[in-house]
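Asker: based on what follows, work out the 3D shape:
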Amino acid sequence: MAEEPRSDSDPRSEPDPRSRRSAPTGRPVALITGGSSGIGLATATRLAEAGWRTLLSGTDRARLDEAADRTGGLALPEDLSKPDGPRRLAEAALAEAGRVDALIASAGLGWRGPFADTPSDTLDRMIEVNLAAPLRLVRLLLPGMLERRHGRIVLLGSMAGQVGVRNESGYAATKGGLAMFAESLWYELRGTGVGVRLVLPGAVDTPFFDRRGTPYHRERPRPVSAERVADTVVATITTERDHLYVPHWLGFPARIHGVAPGVFRRMASRFG
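Answerer: Here you go, the predicted structure:
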């Protein structure tokens with residue numbers, strides 16, 4: 001049945017106020033999870049300086065509002081440990097900005113200790129925030145990027161997901177899964193105009209270690225600053241490199257792990 005024509009006076013022809021608000025601006029739009037502190041906040045600052053419009057997500061509303069004020073961005077508080085959190089966040093981002101040109105999935109949780117002692121709720125939250133939420137967000141935002149034939153998906157992995165770390169089995173598993181997702185999606189999206197980037201930091205000087213309950217205890221590698229990682233994240237948006245280590249020398253042990261896992265394991269057992 002044909003749709004009834006609508007006159008200019010028909011209230012149904014009035015645009016949704018949210019549509020007017022979400023009309024795309026000339027600036028590219030980045031959605032950054034974990035945007036209230038650490039790598040997420042540093043990345044938002046760098047992107048804002050480069051002329052991007054930033055949408056910042058996190059769970060601490062006060063810190064998120066402060067971060068948004070500092071970067072000129074917009075706070076979109078959401079709990080990504082909830083299965084429907086990514087859907088709510090994606091919908092809010094699209095309603096506010098009309099599109100997302102770059103997704104930077106930097107939110108992450110950790111826990112250190114014997115795997116048998118890992119609290120069940122902590123394990124569940126790590127799986128949701130570190131692995132499931134990025135996959136769900138990509139699934140929701142990727143169709144728009146493909147339609148526009150332009151976009152960037154930047155996933156914050158970890159060296160723990162490349163080589164494994166003693167007493168961080170659950171965390172390493174989530175980051176390892178994220179790495180395989182990035183690898184597989186990279187093959188799938190070649191030639192589409194949408195790029196997938198995996199950033200692989202070692203230890204980073206952020207509140208991450210305080211929140212996981214145990215401080216960083218190794219002498220080496222020394223933690224790098226969140227700003228250094230953010231510089232790499234921003235660079236991934238324009239570079240063709242799909243795997244970037246921070247600091248870059250961490251690519252060497254990763255290669256040893258790949259070609260000579262026995263040698264790597266002996267080294268890891270000796271040096272911790």
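Asker: for burial, what's the neighbour tally of Gly176?
Answerer: Neighbours of Gly176 under the rule other CB atoms under 10 Å: 18. Where C-beta positions appear, they are placed from N, C-alpha and C, glycine not excepted.
Asker: where does the stretch 151-272 of the chain dip in pLDDT?
Answerer: Of all residues in the stretch 151-272 of the chain, those with pLDDT under 70 make up the ranges 202-223, 238-243, 245-272.
Asker: chain center to stretch 181-200, what's the gap?
Answerer: In terms of CA atoms, centre = their mean, to the nearest Å, the centre of stretch 181-200 is set 14 Å apart from its chain centre.
Asker: quick check: end-to-end length of that stretch?
Answerer: Stretch 181-200 has an end-to-end distance of 14 Å (criterion: CA to CA, to the nearest Å).
Asker: please identify the buried residues of that stretch?
Answerer: 181-182, 185-186, 189, 194-200 (16 or more other CB atoms under 10 Å).
Asker: ok, now how distant is the residue nearest to the spatial centre of the chain from Glu78?
Answerer: The centroid of the chain falls nearest to Ala105 when counting by CA atoms, centre = their mean (0.9 Å). The gap separating Ala105 from Glu78 is 13 Å, by CB to CB, to the nearest Å.
Asker: pLDDT score for the nearest residue to Gly177 once chain neighbours are set aside?
Answerer: Closest residue to Gly177 apart from its sequence neighbours, by CB to CB, 6 or more residues apart in numbering: Leu131 at 4.9 Å. At Leu131, the pLDDT value in this model is 97.
Asker: ok, now which ones touch Leu131?
Answerer: By CB atoms under 8 Å, 6 or more residues apart in numbering, the contact list for Leu131 reads 174-175, 177-178, 181.
Asker: among the buried residues of stretch 181-200, which one sits closest to Arg152?
Answerer: Distance to Arg152, by CB to CB, is smallest for Gly195 among the buried residues of stretch 181-200, at 5.1 Å.
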